[in-house]
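**Q** I would like the atomic coordinates for the input below:
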Amino acid sequence: MEEAAAAVGALPPATTAAAAAAAGAEPSVGAAGSSPRRLLALLGAKLCTWHIWKTIVLGQMLSMFICGTAITSQYLAEKYQVNTPMLQSFINYFLLLLVYTTMLVFRTGSDNLWQILKQRWWKYIIVGLADVEANYMIVKAYQYTTLTSVQLLDCFGIPLMMALSWFILRARYRLIHFVAVGICLLGVGTMVGADILSGRQEGEGSDVVIGDVLVLLAASLYAISNVSEEYIVKNLSRVEFLGMVGLYGTIISGLQLAIVEHKDIMKIQWNWKIALLFTAFALCMFGLYSFMPVVIKVTSATSVNLAILTSDLYSFFLGLFLFLYKFSGLYIVSFVIIMVGFTLYCSTPTQTAEPRALPQPSSAGLDNAALKLEENDGDTPAVAVQFSRGETVVVSTN
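**A** Residues are numbered from 1 along each chain as shown. The predicted structure is shown next:
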């Protein structure tokens, strides 16, 4: 051992780092040297991987879907005075019902729709209710508060999502994850500053307090829905999540639609342009819901929500041509900051805590206990140990 240690110590630093990398260990800063070039090379090698680029591309695809829903909704509201968020959501949930719930109906075994309803029906009611109301509240909030408040308060869902992931999914974060989230939130702050300078805050709203409360509630419900989605997608299946959300989302949004929006629907002056905008919104929303579980399975719910922070920027860039927004260089700066934070977050995977071992029973509780000790080694027989008063009987199961 001393000779081997001496031999390793005689190797140059680059060889030592290479040997550590080959053994599966990360080379230390000392092994890589203190040169800034080597540090940058290590950082570049860590960031420029297929997983990082795939995550970035997938996240920005989700942002484009959200951008499509925002642009079509704004066109309906500003050009045709159509404000029917629940009708638009109902169409999306109905499409999910037609596609994914139907797939569950024709499945066999424990993955069949009827078996899922027997085992987990009440859990999906909670998930469906959270998803439907989050979509409704965030759209409703724009009628009461400003765009600035919505953008800032909606970020409340990210730390809440991290907390839920910590306790429910047992995710464990490192310092770089908290730094990355802080950088992303700084990018959102820069974007809000650009909105104020360009005059996009659009007044102060009719009742700011109600609007802000709606945004906070929507962010909380989105956090619950997305963390539940991550758990279901990674432990059950994507089709099950989408099928059950489509089923309960259609029922809940349909009832709410009949109660709160039936008068607004009657006022719509239907034509092919309005129908086309509704269709475009439904397709973008359906694409978002269908594609998001794929991205969450590759990354996490928190990572996805950091990625879609850029959706407002895509909406702004399109609004430069469609709605004649005023341009500000701060939008470019905010986009770069958000992307840097998102890339840093994805550069280091989160850890999953092991479940705690159950405490061993005390000696007072062993009177009538039966313990079965199973060994993974095939050569060792399983043994059952039975405890009775005054004696111990050992019985081999083989």
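**Q** Low-confidence bits of the stretch 201-350 of the chain, can you list those?
**A** For the stretch 201-350 of the chain, applying pLDDT under 70 flags the ranges 201-206.
**Q** End to end on stretch 102-111, go ahead and measure it.
**A** Distance between the two ends of stretch 102-111: 12 Å, counting by C-alpha to C-alpha, to the nearest Å.
**Q** Need the contact partners of it.
**A** Identification of contacts with stretch 102-111 by C-beta atoms under 8 Å, 6 or more residues apart in numbering yields Asn112, Leu113, Gln115, Ile116, Ser237, Val239, Glu240, Gly243, Met244. The way it works is simple: take the backbone N, C-alpha and C, and place the C-beta from them, glycine included.
**Q** and it, how far from the chain's centre?
**A** Centroid separation between stretch 102-111 and its chain, computed with C-alpha atoms, centre = their mean, to the nearest Å, is 26 Å.
**Q** how close does Val233 get to Leu344?
**A** Distance, Val233 to Leu344, by C-beta to C-beta, to the nearest Å: 24 Å.
**Q** Give me the buried subset of the contacts of stretch 102-111.
**A** By neighbour count, with 16 or more other C-beta atoms under 10 Å, the contacts of stretch 102-111 hold Leu113, Ile116, Ser237, Val239, Glu240, Gly243, Met244 as buried.
**Q** From those residues, which land in helices?
**A** Secondary structure defined by DSSP state H assigns Leu113, Ile116, Val239, Glu240, Gly243, Met244 of the buried ones among the contacts of stretch 102-111 to helices.
**Q** Just put those residues in a markdown table and tack on distance to Leu324.
**A** Putting these into a markdown table (distance: C-beta to C-beta, whole Å) gives the following:
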| residue | distance to Leu324 |
| --- | --- |
| Leu113 | 49 |
| Ile116 | 49 |
| Val239 | 43 |
| Glu240 | 45 |
| Gly243 | 42 |
| Met244 | 43 |
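**Q** is it possible to export the contacts of stretch 102-111 to a markdown table including distance to Leu288?
**A** Formatted as a markdown table, the contacts of stretch 102-111 follow (distance: C-beta to C-beta, whole Å):
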| residue | distance to Leu288 |
| --- | --- |
| Asn112 | 27 |
| Leu113 | 23 |
| Gln115 | 28 |
| Ile116 | 23 |
| Ser237 | 19 |
| Val239 | 16 |
| Glu240 | 18 |
| Gly243 | 16 |
| Met244 | 17 |
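**Q** from the ones in helices among the buried ones among the contacts of stretch 102-111, which single one is nearest Ala141?
**A** Nearest to Ala141, judged by C-beta to C-beta, of those is Met244 at 26.7 Å.
**Q** Chain neighbours aside, what residue packs nearest to the closest one?
**A** Tyr124 (4.1 Å; C-beta to C-beta, 6 or more residues apart in numbering).
**Q** that older thread, name the nearest of the ones in helices among the buried ones among the contacts of stretch 102-111 relative to Ile196.
**A** Nearest to Ile196 among these, with distances taken as C-beta to C-beta, is Met244, at 41.4 Å.
**Q** which ones are touching the closest one?
**A** Per C-beta under 8 Å, 6+ apart, neighbours of Met244: Thr101, Leu104, Ile116, Arg120, Tyr124, Val127, Gly128.
**Q** quick check, the fifth one in a helix?
**A** Yes. According to DSSP: H, G, I helix; E, B strand; the rest coil, Tyr124 belongs to a helix.
**Q** dump the residue contacts of it.
**A** Ile116, Met244, Val245, Leu247, Tyr248.
**Q** Report the separation between the third one and Thr108.
**A** Applying C-beta to C-beta, one obtains 22 Å for the distance of Val245 from Thr108.
**Q** of those two, who's got more company?
**A** Val245 (28 against 7; other C-beta atoms under 10 Å).
**Q** Can you verify my assumption that Met86 contacts Ile259?
**A** No. Counting by C-beta atoms under 8 Å, Met86 sits too far from Ile259 to count as a contact (9.1 Å).
**Q** elements contacting the helix or strand harbouring Phe291?
**A** Assessed by DSSP states H and E, Phe291 sits inside helix 272-298. Other elements packing on helix 272-298 under the criterion 3 or more C-beta pairs under 8 Å, 6 or more residues apart in numbering; DSSP states H and E are helix 50-80, helix 85-96, helix 208-235, helix 238-260, helix 301-307.
**Q** what number of residues lie near the nearest residue to Phe241 once chain neighbours are set aside?
**A** Sequence neighbours aside, Ile232 is the residue nearest to Phe241 in space, at 4.3 Å (criterion: C-beta to C-beta, 6+ apart). Counted with other C-beta under 10 Å, the neighbours of Ile232 add up to 22.
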